[in-house]
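Novice: Dropping a prediction and its sequence here:
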Amino acid sequence: MSTPTQRHPGTSQRRVAFATVIGTTIEWYDFFIYATAAGLIFAHLFFEPAGAQIGLLLSFASVGISFLFRPLGAFLAGHYGDKIGRRAMLVLTLALMGASTTLIGVLPTYETAGVLAPILLLLLRIIQGISAGGEWGGAVLMAVEHAPMDRRARAGAYPQLGVPLGMLLASGMMALMTGVISPGEQFMAWGWRVPFLLSFVLIVVGYFIRRSVDESPVFKEIAQKKAQTRVPIVVLFKKHWLLVLVAALIFAGNNAAGYMTTGGFLQAYMTDPEGPVGFTRTQVLLAVSFGAVMWFAFTLLSGVVADRIGRKRTYQIGFISQLLCIFPLFWLVNAASLPLLYVAFALFAIGLGFSYGPQAALYSELFPASVRFSGVSISYAFGAILGGAFAPMIATALVQATGGTTAVGWYLFALTAISLAAVSMVRDRSGIDLGIGNQAEQEVGALVFDKRTAGQPVPQDAL
């Protein structure tokens, strides 16, 4: 008998893929516009009284603070996503992100509103974090649960493409403003607001696209059988807390490495007029845009590879590549050569793509259907806190303390090694039936040291 994830024709799957890519691209465009602005101008516009160095740290701290609220978004979206459906949460999180981003575009700066300006900025950044925490789980489940069994990794890579596409759109828009439309003082005066205000138009487009997609077939089956879990989060942590921890650690290394660029650290480091590199804003933004294109390509490729050799092996290839490229990334950046900077971003994109593309399929296959939205969302949110939340701030502090980037390299190397160890602890479950009827098999065996089988009862203190 065919599973629920095999009943949908190609047209429906293409519509789902398009909707998840468009939605996540818009969501992450909003997120990265903030991170880019934090690295380039927010220290001056909102935290200027603190001084240049402390102001930059505070600016990056405002990037990180939103991550602390991602679990709240994951808890809320996971709870209702497991109870009322995936699609409703996707539409809600998209609207929430768009509203907060647009409002940032009309905020007064410290010069005109004093301390009220950074307070309002932080409040809107918190709303962005809540939205981002709920967005990812719904997007990947819509993609993976609609896909046929042998194409789940490829389908799951589509919402992952929203991250490099969002970064490409954000960096490209910022480069357009700094280099063409509002160069120099015009960018500081008003040009920086335009990318934030553009979010309103993008959200309207994304809203109608997402509304056109059918609900996940797995959740339809859950609702039809009235098999919703009353309090999914309680069940998740009671039975699968260790799996949540391991899954979070898998994401930490990739997220920290990715946030060297998406979080604004390298943008700030390379455009510092007193630093060793000294590129212009537009030069760096164009290079980051190129890096996003390469990240996109390797993320898409990793989905194809993961369907052929498995999610776990693809991840291991990605993390090993990332380990090998961390120090060369900084060596090439510090060479202060634009061609070498492009080479650095291209090399680094291999590991980033291969350790990000398979994530949707891997996470979806780890957690049981009844708590899957909660499981993937909360694991992703905790992994983001452990990895990317304060990575730009930590990296900036390490550079200020040591005068170089070697310590930053060791910081990323350690997190990547931890993630490699964590992914080696999970069992590759490619091809497992994701439907609610296979809940018993889904409940056990996700970790390599969990020897239980579907026929055995799950004890109260189970993994």
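Specialist: Alright, I've got the coordinates.
Novice: so what's the spatially most central residue of the chain up against?
Specialist: With distances taken as Cα atoms, centre = their mean, Val163 lies nearest the centre of the chain, 6.2 Å away. Contact analysis of Val163 by Cβ atoms under 8 Å, 6 or more residues apart in numbering lists 24, 28, 258, 262, 295, 299, 356. From N, CA and C alone the C-beta is placed, and that goes for glycine too.
Novice: what sits against Trp28?
Specialist: Per Cβ under 8 Å, 6+ apart, neighbours of Trp28: 162-163, 165-167, 170.
Novice: What is the most widely separated pair among the residues you listed?
Specialist: The distance between the two most remote of the contacts of Trp28 (Cβ to Cβ) is 11.7 Å, for Gly162 and Ala170.
Novice: Spell out the secondary structure type for the residue nearest to the centre of the chain.
Specialist: helix (DSSP: H, G, I helix; E, B strand; the rest coil).
Novice: which parts of the lowest-mean-pLDDT helix or strand in the chain are buried?
Specialist: Ranked by mean pLDDT, DSSP states H and E, the helix or strand of the chain with the weakest confidence is helix 217-224, at a mean of 76. For helix 217-224, burial by neighbour count (16 or more other Cβ atoms under 10 Å) applies to 217-223.
Novice: can you give me the offset of that helix from its chain's centre?
Specialist: Distance of helix 217-224 from its chain centroid, counting by Cα atoms, centre = their mean, to the nearest Å, is 27 Å.
Novice: In terms of secondary structure, what does the helix or strand where Gly98 lies contact?
Specialist: Using DSSP states H and E, Gly98 sits within helix 86-104. Contact analysis of helix 86-104 by 3 or more Cβ pairs under 8 Å, 6 or more residues apart in numbering; DSSP states H and E lists helix 10-37, helix 70-83, helix 116-146, helix 193-211 as its packing neighbours.
Novice: Flag every buried residue along the last one.
Specialist: By 16+ other Cβ under 10 Å, the buried positions in helix 193-211 come out as 193-196, 198-199, 202-203, 206-207, 209-210.
Novice: which residues sit in contact with Gln442?
Specialist: Applying Cβ under 8 Å, 6+ apart, the residues contacting Gln442 are 367-369, 432, 434.
Novice: hmm, try it at 6 Å
Specialist: By Cβ atoms under 6 Å, 6 or more residues apart in numbering, the residues touching Gln442 are Pro368.
Novice: Past the host helix or strand of Ile233, which element shows up next along the chain?
Specialist: Here Ile233 sits within helix 232-258, counting by DSSP H and E. Once the chain leaves helix 232-258, the next helix or strand it forms, by DSSP H and E, is helix 265-271.
Novice: Show the average pLDDT along that following helix.
Specialist: The average pLDDT for helix 265-271 rounds to 88.
Novice: what does that helix rub up against?
Specialist: 39-40, 260, 277, 279, 281, 284, 392, 395.
Novice: and what of stretch 366-376?
Specialist: Contacts for stretch 366-376 (Cβ under 6 Å, 6+ apart): 78, 81-82, 137, 141, 218, 229, 232-233, 235-236, 363, 436, 439, 442-443, 446.
Novice: Next: stretch 60-70.
Specialist: 35, 38, 122, 125-126, 128-130, 132-133, 263, 381, 384-385, 389-390, 392-393, 396.
Novice: residues of stretch 267-275 that come out buried?
Specialist: 267-271.
Novice: Would you format the residues you listed as a markdown table with distance to Ala252 included?
Specialist: Shown next, in a markdown table, are those (distance: Cβ to Cβ, whole Å):
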| residue | distance to Ala252 |
| --- | --- |
| Gln267 | 22 |
| Ala268 | 22 |
| Tyr269 | 22 |
| Met270 | 25 |
| Thr271 | 27 |
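Novice: show me the contacts for Arg15.
Specialist: Counted by Cβ under 6 Å, 6+ apart, Arg15 has zero contacts.
Novice: you'd agree Gly445 is in a strand?
Specialist: No. Assigned with three-state DSSP, Gly445 falls outside any strand and is coil.
Novice: What are the phi and psi values at it?
Specialist: phi 80, psi 10 (degrees, to the nearest 10).
Novice: do you know how far it is from Ala389?
Specialist: Distance of Gly445 to Ala389, given as Cβ to Cβ, to the nearest Å: 31 Å.
Novice: what do you get for Trp295?
Specialist: When Trp295 is compared with Ala389 (using Cβ to Cβ), they lie 20 Å apart.
Novice: Which helix or which strand is home to Ala422?
Specialist: Using DSSP H and E, Ala422 falls in helix 406-423.
Novice: Now whichever helix or strand comes after that helix: buried residues?
Specialist: Downstream of helix 406-423, the next assigned helix or strand under DSSP H and E is helix 439-442. For helix 439-442, burial by neighbour count (16+ other Cβ under 10 Å) applies to 439, 442.
Novice: quick check: mean pLDDT across helix 439-442?
Specialist: pLDDT averaged over helix 439-442 gives 90.
Novice: Let's see that helix as PDB, backbone CA atoms only.
Specialist: Provided in PDB are the C-alpha atoms of helix 439-442 (Å, rounded to 0.1, in the frame of the first residue of the first chain):
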ATOM      1  CA  GLN A 439       4.200   5.700  14.500                       C
ATOM      2  CA  ALA A 440       5.500   2.600  16.300                       C
ATOM      3  CA  GLU A 441       8.500   2.300  14.100                       C
ATOM      4  CA  GLN A 442       9.200   6.000  14.100                       C
END
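Novice: mind checking how far it is from the chain centre?
Specialist: For helix 439-442, the distance to the chain centre is 28 Å (Cα atoms, centre = their mean).
Novice: Tell me who's in contact with Arg86.
Specialist: With Cβ under 6 Å, 6+ apart, Arg86 has these contacts: 138, 141-142, 216, 219.
Novice: In terms of pLDDT, where does it sit?
Specialist: Reported pLDDT for Arg86: 73.
Novice: Ok, Pro108 next?
Specialist: 94.
Novice: What sits closest to it if chain neighbours are left out?
Specialist: Spatial nearest neighbour of Pro108, excluding adjacent residues (Cβ to Cβ, 6 or more residues apart in numbering): Ala117 at 5.3 Å.
Novice: Tell me who's in contact with the one you found.
Specialist: Counting by Cβ under 6 Å, 6+ apart, Ala117 has contacts 46, 108-110.
Novice: Would you point out the most distant pair within those residues?
Specialist: Among those, Phe46 and Pro108 lie farthest apart (Cβ to Cβ), at 9.7 Å.
Novice: What separation do you get for Ile127 and Thr229?
Specialist: 27 Å.
Novice: got it, and Gln439?
Specialist: 10 Å.
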